[in-house]
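Engineer: Sequence first, then the predicted structure, then my questions.
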Amino acid sequence: GENVEQHPSTLSVQEGDSAVIKCTYSDSASNYFPWYKQELGKGPQLIIDIRSNVGEKKDQRIAVTLNKTAKHFSLHITETQPEDSAVYFCAASIMGAQKLVFGQGTRLTINP
Amino acid sequence: SQTIHQWPATLVQPVGSPLSLECTVEGTSNPNLYWYRQAAGRGLQLLFYSVGIGQISSEVPQNLSASRPQDRQFILSSKKLLLSDSGFYLCAWSVLGGPNEKLFFGSGTQLSVL
């Protein structure tokens, strides 16, 4: 089955700097890759997703890139702000397979 | 718009006691429903998912069970809780099939078994 590895487990950056979180997946059939943000004591919220027919997607300060050949995808947050502090999860699935496989999460801390 | 309700938000239960967590979805019909568990500082582990009433798939052997008595209701249960059942339980839903299978989570239940 699918296996998703996420790095780093913790990340601390200065406010205004960029943050990058990377994930690798094992199943070459996976074609849907969402990213979730989880604030303390809350459920994860979908922030951006990408499908395998595109290599990059951007939404304001966040962007996701996908390298299908290498089977890895990354989340990029630019101009970080204190409210970006949270745990971020990547995930992978095959469309129609009914379930996502999640990475272990990255705790991002933005230092003022 | 669609909303998902999960309760209670927190629960403290003694070892050996029963458990019932409930989740309901509004604003959509025939959703896929999921129960995830998140241990402290760890990732999301899929416990159960359901594609329809009475249809439950279990992902890992455990002390828990799930039921779907109605289209938009998903229940997580246990007859006798173990210490290892402590964690943050999340219900989620997605649109059944189609090109836009996004997964949406509830607010979670923090379960402490003492």
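Structural biologist: In hand now; what should we look at?
Engineer: Every contact and neighbour count from this point should use C-alpha atoms.
Structural biologist: OK.
Engineer: need the strands for chain B, in chain order.
Structural biologist: Taking DSSP state E to define them, one finds strands in chain B at B:3-7, B:10-13, B:19-26, B:32-38, B:44-52, B:55-58, B:65-70, B:73-78, B:87-94, B:103-105, B:109-113.
Engineer: In the sheet, which strands lie alongside the longest one, parallel or antiparallel?
Structural biologist: Translated: strand B:44-52. Sheet pairing here is set by DSSP bridges, and for strand B:44-52 it gives strand B:32-38 (antiparallel), strand B:55-58 (antiparallel).
Engineer: And that strand, how far out from the chain middle?
Structural biologist: 7 Å (CA atoms, centre = their mean, to the nearest Å).
Engineer: what's the answer for the last one, then?
Structural biologist: Using CA atoms, centre = their mean, the distance from the centre of strand B:109-113 to the centre of the chain it belongs to is 13 Å.
Engineer: relative orientation of it and strand B:3-7 in degrees?
Structural biologist: Strand B:109-113 runs at 20 degrees relative to strand B:3-7, counting by axes from the mean of the first three to the mean of the last three CA atoms, to 10 degrees.
Engineer: Point out the other helices and strands that strand B:109-113 packs with.
Structural biologist: strand B:10-13, strand B:87-94 (3 or more CA pairs under 8 Å, 6 or more residues apart in numbering or on different chains; DSSP states H and E).
Engineer: Let's see stretch B:105-114 as PDB, backbone CA atoms only.
Structural biologist: Presented in PDB, the C-alpha positions along stretch B:105-114 are these (Å, rounded to 0.1, in the frame of the first residue of the first chain):
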ATOM      1  CA  PHE B 105     -12.600  17.000   9.100                       C
ATOM      2  CA  GLY B 106     -14.600  17.700  12.200                       C
ATOM      3  CA  SER B 107     -13.300  19.500  15.200                       C
ATOM      4  CA  GLY B 108     -12.200  16.300  17.000                       C
ATOM      5  CA  THR B 109     -12.800  14.600  20.400                       C
ATOM      6  CA  GLN B 110      -9.900  14.500  22.900                       C
ATOM      7  CA  LEU B 111     -10.300  11.200  24.700                       C
ATOM      8  CA  SER B 112      -8.400  10.500  27.900                       C
ATOM      9  CA  VAL B 113      -8.700   7.000  29.300                       C
ATOM     10  CA  LEU B 114      -7.500   6.800  32.900                       C
END
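Engineer: ok, residues contacting that stretch?
Structural biologist: With CA atoms under 8 Å, 6 or more residues apart in numbering or on different chains as the contact definition, stretch B:105-114 has outside contacts at A:41-45, B:4-15, B:81-93.
Engineer: Flag every residue of chain A that's near chain B.
Structural biologist: A:41-46, A:89, A:95-96, A:98-99, A:102-105 (CA under 8 Å from any CA of the partner chain).
Engineer: Now a PyMOL select for only the buried ones of those residues.
Structural biologist: The buried residues among the residues of chain A next to chain B can be selected in PyMOL (16 or more other CA atoms under 10 Å in any protein chain shown) with this line:
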select buried, chain A and resi 42+43+44+45+46+89+95+98+99+102+103+104+105
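Engineer: List the residue ranges of chain A that fall below the pLDDT cut-off.
Structural biologist: A:95-98 (pLDDT under 70).
Engineer: Break down it into its strands, ranges please.
Structural biologist: Using DSSP E, strands in chain A cover A:4-7, A:10-14, A:19-25, A:32-38, A:45-51, A:56-59, A:62-67, A:72-77, A:86-92, A:101-102, A:106-111.
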